[in-house]
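>>> Quick one, what's the 3D model for this:
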Amino acid sequence: MWTNYAGDQTCTPAKFARPATVDEVSRLVTEAANRGHTVRAVGAGHSFGGNVLTDGTLLSLDNLSGLHHADPTTGLVRIGAGTRLHELNRLLDAHGLAMPNLGDINVQSAAGAISTATHGTGRKLGNLATTVESIELVKADGSVVELSTGDELRAARVSVGALGVITAYTLRTVPSFRLHERREKIPLTRALAELDELADSNDHFGFFAFPHARDVLAKSLNRSDEPANPPSRAAEYIRDIVVENHALDAVSKVGRRWPNQIPRLNRTLTAIASSSSRVDVSHQVFSSPRTAARFTESEWAVPRAACGEVFRAIQSEIDRQGFAVNFPLEVRFVAADEASLLSPSYGRETAYIAVHMYEGMPWRPYFEAVQRIATDLGGRPHWGKRHSLDAAALADVYPEWETFQTVRRAYDPDGVFANDHIRRIFGA
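Now for the predicted structure:
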């Protein structure tokens, strides 16, 4: 049995394999297709939706990892698709290179993160897929192709594994850099009133807001030439592990047992959060450990101009329906792009609003309410997180939907890579 990172998605594939070469992937895909098996690929299993699930053949990308080539002059690097982001960061740093932007979790595989348009925050920066220069991919007939131009590349950058098994990427990186991080509590009213100013005046800005709390936990990151001054190991452990993980987990367990105490608990967690400042190499600042509290998540890409309206509507719905929500809402910003046909930030500056629910608590009514609010204002779901939209609904919000479908029909005419989830979001 395979289980995802969050422990809320499981399947029992007929065959589970860890190919170490592209030829092995080709052979396994061909064998599965001949048997009528659905083929899905898995990296770190960090998706919250049903992207990976299959009773056919499940291919782990773990052995297709590592840095194959790096050119510090051009910034172009070649990596295996199964490379974990934290390992990629270490390998790039050794060559004086870095990813231009990253999310706040770094355990995902490159293929999983890129294929679902995983993102960080920064109004001038796109999601991870915008760094992709070319892709090596195994099609449903077992043939291996290198995609470097045109609609095929734009389709494959964000494809949720529906076109084939990605085995390698060429990425465009940047020279390594340092970031000055500031964490502080600010009033929620100020955060919403000054959203544009806060997003525009920082290289990277985002915030966490616990329902029922008056303040938010804001984080701003800006490039810096100052010398690195990371916190001591003890201070880092207390902040990142004890407070942000174990304390949140302990308080969430109390809230799960006594939901009527959640408003008070959320205000307490916000109150004990402290301000901090540090300068360090970028990848050490972008990402934070998530070691204790388990949760499930939904996230929506909405037009940036609608961010405040969507956020306020979610807060109001939590109060109106009495949802027991003991995890914060997270708000981040991403640049518009057209690098991927299915980029959630396609053609518009975007605000992402993520909602979470602690393990063992009822998430569906809350997530469905958030989905209604987001979609009423043109929201598009994160491809790796929970939503219930189908192909008909998604086609309405992606201008180049049919272009993607044309590529999909050419690459997988018999649906070898289509599990139930892929058939729901992309059609049969």
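>>> what's the spacing between Val158 and Leu147?
Look at Val158 and Leu147: by CB to CB, to the nearest Å, they are 13 Å apart. Every residue, glycine included, has its C-beta placed from N, CA and C.
>>> Over to Ala6: give its phi and psi.
phi -80, psi -10 (degrees, to the nearest 10).
>>> give the contact list for it.
Applying CB atoms under 8 Å, 6 or more residues apart in numbering to Ala6 gives the contacts 46, 48, 294-296, 359.
>>> 10 Å instead, please
45-48, 294-297, 359 (CB atoms under 10 Å, 6 or more residues apart in numbering).
>>> Emit the PyMOL select command for whichever of the residues you listed are buried.
Only the buried entries of those go into this PyMOL selection, using 16 or more other CB atoms under 10 Å:
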select buried, resi 45+46+47+48+295+296+297+359
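>>> Which ones among the contacts of Ala6 map onto helices?
Taking DSSP state H, every one of the contacts of Ala6 sits outside helices.
>>> Spell out which residues are contacts of both of Val158 and Leu147.
Both Val158 and Leu147 are contacted by Val132, under the criterion CB under 10 Å, 6+ apart.
>>> Can you tell me how far the residue lying closest to Phe327 once chain neighbours are set aside is from Arg290?
The shortest distance from Phe327 to any non-neighbouring residue, by CB to CB, 6 or more residues apart in numbering, is to His356 (3.8 Å). In this structure, His356 and Arg290 are 11 Å apart, going by CB to CB.
>>> and those two? which has more neighbours close in?
Higher neighbour count among His356 and Arg290: His356, with 23 against 17, using other CB atoms under 10 Å.
>>> May I have the strands that pair with the strand or helix carrying that one, each with its orientation?
Taking DSSP states H and E as the criterion, His356 maps to strand 350-358. Counting by DSSP bridges, the strands paired with strand 350-358 are strand 295-303 (antiparallel), strand 329-334 (antiparallel).
>>> Need the ones you listed in a markdown table (columns: mean pLDDT and distance to Lys139).
Shown next, in a markdown table, are the strands paired with strand 350-358 (pLDDT from 0 to 100; distance: least, CB to CB, whole Å):
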| stretch | mean pLDDT | distance to Lys139 |
| --- | --- | --- |
| strand 295-303 | 97 | 29 |
| strand 329-334 | 98 | 30 |
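>>> any chance of those strands in TSV, plus distance to Ser343?
Below are the strands paired with strand 350-358 laid out as TSV (distance: least, CB to CB, whole Å):
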stretch	distance to Ser343
strand 295-303	9
strand 329-334	9
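>>> what's the model's confidence in stretch 219-233, averaged?
Averaging pLDDT along stretch 219-233 yields 90.
>>> May I see the buried residues of it?
Buried-residue list, stretch 219-233, by 16+ other CB under 10 Å: 219-221, 224.
>>> still on that earlier bit, thought the residue nearest to Phe327 was touching Phe323?
No. With contact defined as CB atoms under 10 Å, His356 does not count as touching Phe323 (12.0 Å).
>>> where do the contact lists of those two overlap?
In terms of CB under 10 Å, 6+ apart, His356 and Phe323 are both contacted by the residues 363, 366-367.
>>> most neighbours, which of those?
The most neighbours of any of these, using other CB under 10 Å, belong to Trp363, which has 23 neighbours.
>>> For that one, which residues are in contact?
By CB under 10 Å, 6+ apart, the contact set of Trp363 is 8, 48, 295-298, 323, 325, 327, 355-357, 386.
>>> quick check, Arg40 in a strand?
Yes. Judged by DSSP: H, G, I helix; E, B strand; the rest coil, Arg40 forms part of a strand.
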